[in-house]
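Novice: Coordinates for the following, if possible.
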Amino acid sequence: MSYDLMVFEKTKAPAAKKEFMAWYEKQTEWGEEHDYESIHVASAALQNWFMEMKETFPPMNGEYAPDSELLDEDENLDNHTVDYCIGRDIIYAAFAWSVADEAYELMRALAQKHDVGFFDVSADDGDIILPDGTMIV
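Specialist: The predicted structure is shown next:
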């Protein structure tokens, strides 16, 4: 079990929670015709978010994944690798629970900085927050 968070393209997501959750379910069916490890399919804002996020939380897979030798040598780095699923309008991130607080804070801050939405997937009634701080309810 992982600690899951998501960022999303604010221009593509519905503004009401019920519709947002239906949209989220559709997005996480992973039905787009592309590789979900490549950042190049995502919107420019999501790409910018990812490029900064990967500096602290590198991906487990794909072109930006650290060498396995580095992971073996650095336990902290191993705990910080993330399973990213990258779509056109969302990036879903599965973290180790041991870094949940750090992941939440950084991911939310970078979402605001890069003008994308933030969704706390793992919370029972998870926050859905737009870059301006508005909550989707």
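
Novice: Can you tell me how far residue 46 is from residue 89?
Specialist: 8 Å (C-beta to C-beta, to the nearest Å). C-beta: built from backbone N, CA, C; applies to glycine.

Novice: okay, the two: which has more neighbours?
Specialist: residue 46 (25 against 20; other C-beta atoms under 10 Å).

Novice: Now stretch 38-51: buried residues?
Specialist: 39, 41-43, 45-46, 48-50 (16 or more other C-beta atoms under 10 Å).

Novice: how about low-confidence regions in this protein?
Specialist: Low-confidence segments of the chain (pLDDT under 70): 69-78.

Novice: Closest one of the buried residues of stretch 38-51 to residue 65?
Specialist: residue 39 (11.8 Å; C-beta to C-beta).

Novice: Now do the contacts for the closest one.
Specialist: Contact analysis of residue 39 by C-beta atoms under 8 Å, 6 or more residues apart in numbering lists 46-47, 50-51, 62, 64, 86.

Novice: Go again with 7 Å.
Specialist: Residues near residue 39 by C-beta atoms under 7 Å, 6 or more residues apart in numbering: 47, 50, 86.

Novice: Do a quick rundown of the helices in the protein.
Specialist: Along the chain, the stretches classed as helices by DSSP state H are 17-27, 44-53, 68-73, 75-80, 100-113.
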